[in-house]
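J.: coords please:
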Amino acid sequence: QLQASGGGLVQAGGSLRLSCAASGRTYMIFRMGWFRQAPGKEREIVGTINWNDVGITYADSVKGRFTISRDKAKNAVYLQMNSLKPEDTAVYYCASRLTGASGYASWGQGTQVTVSS
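T.: This next block holds a predicted model:
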């Protein structure tokens, strides 16, 4: 199970930090992903982080502004968002991909991020 938190309302240029707590079969996690979905748009990937190594990827739209990290001791991943723009407004989701799986099977409930101009 995944539980995302930390969303809110922030002015453009501000920062937010999202958290995602994992529970259950965390030993089977291969990769965690952050996704977002803006109103009227398809869900898009923000970035990913491997559970057991340093592999991290970012969407071009967030490179240099967002940072993904993890704390395995707490079974948590984080999304630090800086220099936020109105176009970052969306519901943000975390998801997990298990070892041997081809996709993200478990999803958090989503947390709203609203960036005002």
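J.: what about the strands in the protein?
T.: With DSSP state E as the criterion, the chain has strands at 2-5, 8-11, 16-22, 29-37, 44-50, 56-58, 66-71, 76-81, 90-98, 106-107, 111-116.
J.: save those strands as CSV, and put in mean pLDDT and mean neighbour count too.
T.: Glycine gets a C-beta too; all of them are placed from N, C-alpha and C. Output for the strands of the chain, formatted as CSV (pLDDT from 0 to 100; neighbours: other C-beta atoms under 10 Å):
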stretch, mean pLDDT, mean neighbour count
strand 2-5, 93, 18
strand 8-11, 98, 13
strand 16-22, 97, 20
strand 29-37, 96, 21
strand 44-50, 97, 18
strand 56-58, 97, 15
strand 66-71, 96, 17
strand 76-81, 98, 22
strand 90-98, 96, 22
strand 106-107, 94, 16
strand 111-116, 97, 17
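J.: who touches V113 in this structure?
T.: Contacts for V113 (C-beta atoms under 8 Å, 6 or more residues apart in numbering) come out as 7-8, 10, 16, 18, 36, 81, 84, 88-92.
J.: err, R65, not the other one
T.: Counted by C-beta under 8 Å, 6+ apart, R65 has contacts 81-84.
J.: repeat that for 6 Å
T.: For R65, the contact set (C-beta atoms under 6 Å, 6 or more residues apart in numbering) comprises 82-83.
J.: repeat that for the one 4 residues further on.
T.: S69 makes contact with Y78 under the criterion C-beta under 6 Å, 6+ apart.
J.: name whatever forms a beta bridge with it.
T.: With DSSP bridges as the criterion, S69 is bridged to Y78.
J.: how close does it get to V62?
T.: 14 Å (C-beta to C-beta, to the nearest Å).
J.: same check on K74?
T.: From K74 to V62 the distance is 23 Å (C-beta to C-beta).
J.: what do you get for Y104?
T.: For Y104 relative to V62 (C-beta to C-beta), the value is 18 Å.
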